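**Student:** structure here, sequence nowhere to be found:
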């Protein structure tokens, strides 16, 4: 009996605030559209679409990721520049002053001024057009494009994580706003019960113990009210951090579009849209192109250059007195030996590519795990809502019957308070299940790649990464770029990938290594100080030395 009474007292932590004949509300209304306990001034209703749109346009982490992607676009522009014409003008002016010594003066037949001055002005215009880079420029362009694809996938992943956080925060606030109302009603019910207990005690129907029990549960409910209020304020702060402003009056949660109806459909979406998987595949493409770029460093290159130089006196300057020199060159560079540097760079790139190839399988396994977990969370919460709705209905009957019997003196004060607690537990649990189902559906959309503004919202402005890429591509472009870029593509080396290796199989059956003998009871350790490593601490100087 003592153990049973202990369990019953535990159940009194969450107490009922409903009148005896309160009807259970629908589950969706519990979290999204419950009426206020007291009249509130009218304010603009903030929808989930508003919150998602504000976060999409103002969240710092998403804006920073967009600029990171823009920086990757410039890597492609720089790779394009490797086969484009480059020109420069170099101007140098030289002034010489010589003061000869006595030995030099003695060798002169006729006396002259001992100081000799001169000035020279040289201007050179140079144009260089790479013709073939051994395929390095082609490989660098491929690597830059793969990096851009990886950056776009990372941007989509960042957007999905942000929207999931906003949606979760929005649902948290709705759930706990309703929980606060339930707890406020619970306090009102407990105060009424305490007044009734006091009146019946004066009439001799109840004892001092009954009054103490009712008062204790009132204090417990007040403590829970404070905890719930504090939790709601934390959630409001989180919302403000994500969206950029404090939450107003939040509208009910809408139905999420695109939630798959079968697990096979979820996997089909994920194979095409999952951003984490797409990022892993793009990173492998980048490192594969790096293999070819490293190999091209050991291949011949060909460039055409020309220069025009004017050289003569700078002061006074007369164009007709300037020496004019015009040079045209075609330079073929054939690497012979490099001390193994190129071979090492190729092997390094191959090993990094092997790591990225394995990273694709890791991303796939993680994606499958996350989708399965999200799907099972959806299924579990769907079933939980159905069960908990029935539980609320049963608790309603139990509470109403117990309260009526309490009024007739057939039930104790403890029984009545416990019945209220059972009903309140069921109502709050159903609130949580509705919340968890919605978050699980949003999580599933994130894992399959559909939790994006372009899929969720209508009528909003979307960031288009193609615009900046096109701008970067055209920076410094010339009409003949395609000719030399195409020629370099023809001789680009292939990306020779390593065969993936793993540790060899062992001999015999595997097992856990034997453990050390049990040392028995271990002694207490009273001090955890240790000796610092040499050079990691200073030594105090004597006070008399005056050293600082």
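**Tutor:** All right, it came through fine. Just so you know, these numbers come straight off a predicted model, no measurement behind them.
**Student:** surely residue 333 touches residue 301?
**Tutor:** Yes: at 4.9 Å, residue 333 counts as touching residue 301 under the criterion of C-beta atoms under 8 Å. Every C-beta, even on glycine, is put in place using the N, C-alpha and C of the backbone.
**Student:** between the two, which one's more packed in?
**Tutor:** Shown here are residue 333 and residue 301; by other C-beta atoms under 10 Å, residue 301 has more neighbours (21 against 12).
**Student:** so what's the more buried one up against?
**Tutor:** By C-beta atoms under 8 Å, 6 or more residues apart in numbering, the contact list for residue 301 reads 130, 132, 133, 134, 136, 332, 333.
**Student:** in those residues, find the pair that's most separated.
**Tutor:** Comparing every pair within these by C-beta to C-beta identifies 136 and 332 as the most remote, at 15.3 Å.
**Student:** which one of these two has more residues nearby?
**Tutor:** residue 136 (24 against 10).
**Student:** confidence score at that one?
**Tutor:** Looking at residue 136, its pLDDT reads 92.
**Student:** kindly report the same for the one 3 residues further on.
**Tutor:** Looking at residue 139, its pLDDT is 93.
**Student:** pretty sure it contacts residue 288?
**Tutor:** No: with contact defined as C-beta under 8 Å, residue 139 does not reach residue 288; the gap is 9.4 Å.
**Student:** ok, back up a step: in a markdown table: the contacts of residue 301, plus distance to residue 531.
**Tutor:** Shown next, in a markdown table, are the contacts of residue 301 (distance: C-beta to C-beta, whole Å):
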| residue | distance to residue 531 |
| --- | --- |
| 130 | 60 |
| 132 | 62 |
| 133 | 57 |
| 134 | 56 |
| 136 | 53 |
| 332 | 64 |
| 333 | 58 |
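**Student:** now do the contacts for residue 257.
**Tutor:** Counting by C-beta under 8 Å, 6+ apart, residue 257 has contacts 455, 456.
**Student:** doesn't it fall inside a helix?
**Tutor:** No: counting by DSSP: H, G, I helix; E, B strand; the rest coil, residue 257 falls outside a helix, being coil.
**Student:** how much space separates it from residue 294?
**Tutor:** Distance of residue 257 to residue 294, computed by C-beta to C-beta, to the nearest Å: 46 Å.
**Student:** what helices or strands is the longest strand seen in the chain leaning on?
**Tutor:** When the chain is parsed with DSSP state E, its longest strand is strand 116-132. Under the contact definition 3 or more C-beta pairs under 8 Å, 6 or more residues apart in numbering; DSSP states H and E, strand 116-132 sits against strand 86-98, strand 301-312, helix 481-490.
**Student:** quick check: next helix or strand after that strand?
**Tutor:** Where DSSP states H and E defines the elements, the next helix or strand beyond strand 116-132 is helix 136-202.
**Student:** please name the nearest non-neighbouring residue to the spatially most central residue of the chain.
**Tutor:** In the chain, the centroid-proximal residue (C-alpha atoms, centre = their mean) is residue 158; its distance is 4.6 Å. In space, and not counting its chain neighbours, residue 158 is closest to residue 65: 4.6 Å by C-beta to C-beta, 6 or more residues apart in numbering.
**Student:** let me know the pLDDT of that neighbour.
**Tutor:** According to the prediction, residue 65 has pLDDT 96.
**Student:** you'd agree it is up against residue 156?
**Tutor:** No: in this structure residue 65 lies outside contact range of residue 156 using C-beta under 8 Å: 9.5 Å.
**Student:** which stretches of the chain form strands?
**Tutor:** Taking DSSP E as the test, the strands found in the chain are 45-46, 86-98, 116-132, 249-250, 301-312, 323-333.
**Student:** mean pLDDT and distance to residue 515 added to those, as JSON lines?
**Tutor:** Listed next are the strands of the chain as JSON lines, based on pLDDT from 0 to 100; distance: least, C-beta to C-beta, whole Å:
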{"stretch": "strand 45-46", "mean pLDDT": "90", "distance to residue 515": "59"}
{"stretch": "strand 86-98", "mean pLDDT": "92", "distance to residue 515": "68"}
{"stretch": "strand 116-132", "mean pLDDT": "91", "distance to residue 515": "65"}
{"stretch": "strand 249-250", "mean pLDDT": "94", "distance to residue 515": "56"}
{"stretch": "strand 301-312", "mean pLDDT": "93", "distance to residue 515": "62"}
{"stretch": "strand 323-333", "mean pLDDT": "93", "distance to residue 515": "64"}
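**Student:** okay, those in JSON lines with distance to residue 494 next?
**Tutor:** As requested, the strands of the chain are arranged in JSON lines below (distance: least, C-beta to C-beta, whole Å):
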{"stretch": "strand 45-46", "distance to residue 494": "56"}
{"stretch": "strand 86-98", "distance to residue 494": "28"}
{"stretch": "strand 116-132", "distance to residue 494": "16"}
{"stretch": "strand 249-250", "distance to residue 494": "57"}
{"stretch": "strand 301-312", "distance to residue 494": "18"}
{"stretch": "strand 323-333", "distance to residue 494": "21"}
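**Student:** of all those strands, which one is nearest residue 486?
**Tutor:** strand 116-132 (11.1 Å).
**Student:** go through the closest one and flag the buried ones.
**Tutor:** Under the neighbour-count criterion of 16 or more other C-beta atoms under 10 Å, strand 116-132 has 121, 122, 124, 128, 129, 130, 131, 132 buried.
**Student:** direction included, what does that strand pair against?
**Tutor:** If you go by DSSP bridges, strand 116-132 pairs up with strand 86-98 (antiparallel), strand 301-312 (antiparallel).
**Student:** what's next to the longest one, contact-wise?
**Tutor:** Where contact means C-beta under 8 Å, 6+ apart, the residues beyond strand 86-98 that reach it are 115-129, 314.
**Student:** go with 6 Å
**Tutor:** 116-128, 314 (C-beta atoms under 6 Å, 6 or more residues apart in numbering).
**Student:** try stretch 127-146
**Tutor:** Here stretch 127-146 makes contact (C-beta under 6 Å, 6+ apart) with 75-76, 79, 82-83, 85-87, 282, 285-286, 289-290, 292-293, 296, 299, 301-306, 488-489, 491-493.
**Student:** per-residue confidence at the residue nearest to the centre of the chain?
**Tutor:** pLDDT at residue 158 comes out at 97.
**Student:** quick one: low-confidence parts of the protein?
**Tutor:** Along the chain, segments meeting pLDDT under 70 span 1-43, 108-113, 544-548.
**Student:** mind doing that once more with 50?
**Tutor:** Across the chain, the ranges flagged by pLDDT under 50 are 1-39.
**Student:** and the helices in it?
**Tutor:** All helices of the chain, identified by DSSP state H, fall at 2-10, 27-32, 48-58, 60-80, 102-106, 136-202, 208-243, 263-273, 275-296, 341-407, 413-448, 453-456, 465-474, 481-490.
**Student:** and the third one, what does it pack onto?
**Tutor:** Here helix 48-58 is seen to pack against helix 136-202, helix 208-243 when contacts are counted using 3 or more C-beta pairs under 6 Å, 6 or more residues apart in numbering; DSSP states H and E.
**Student:** for residue 394, which of the ones you listed is the nearest?
**Tutor:** Nearest of the helices and strands packed on helix 48-58 to residue 394, taken as C-beta to C-beta: helix 136-202 at 18.0 Å.
**Student:** what about residue 133, neighbour count?
**Tutor:** Using other C-beta under 10 Å, residue 133 is surrounded by 27 other residues.
**Student:** for it, give its distance to residue 490.
**Tutor:** Taking C-beta to C-beta, one finds residue 133 at 12 Å from residue 490.
**Student:** many thanks, I have nothing further to ask.
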